[in-house]
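# no sequence for this one, just the structure:
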């Protein structure tokens, strides 16, 4: 709930200011490399989550011994 309020609080001017600061800090050549690395990291994370969902969980099939 708090995250959605924070996202809504950002205006176009805030985003532009952040982008200008990133451009000044990293330069025009470094930003595509950073975004490419971030994209591949997100893809690896999603693949790992999908792979984990395919594995059967030991916690879901427990034998009740009474």
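Great, that's in hand. Keep in mind it's a predicted model, so treat the numbers as computed, not measured.
# phi, psi of the residue most central in space within the chain?
Centroid-nearest residue in the chain, with Cα atoms, centre = their mean: residue 42, separated by 5.6 Å. Main-chain torsions, residue 42, degrees, to the nearest 10: phi -70, psi -40.
# tell me how far it lies from residue 27.
23 Å (Cβ to Cβ, to the nearest Å). Glycine gets a C-beta too; all of them are placed from N, C-alpha and C.
# hmm, who's touching the helix or strand containing residue 32?
Under the criterion of DSSP states H and E, residue 32 resides in helix 30-54. Helix 30-54 has contacts (Cβ atoms under 8 Å, 6 or more residues apart in numbering) with 22, 23, 26.
# in a markdown table, list these along with neighbour count.
Output for the contacts of helix 30-54, formatted as a markdown table (neighbours: other Cβ atoms under 10 Å):
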| residue | neighbour count |
| --- | --- |
| 22 | 13 |
| 23 | 12 |
| 26 | 13 |
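# dump those into CSV; add pLDDT as well.
As requested, those are arranged in CSV below (pLDDT from 0 to 100):
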residue, pLDDT
22, 85
23, 87
26, 84
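# taking the residues you listed one by one, which sit in helices?
22, 23, 26 (DSSP state H).
# check the offset of the helix holding residue 32 from the chain's centre.
On the basis of Cα atoms, centre = their mean, to the nearest Å, helix 30-54 is displaced by 8 Å from the centre of the chain it belongs to.
# which regions of this structure lie under the pLDDT threshold?
The model of the chain has pLDDT under 70 over residues 1-8, 56-66.
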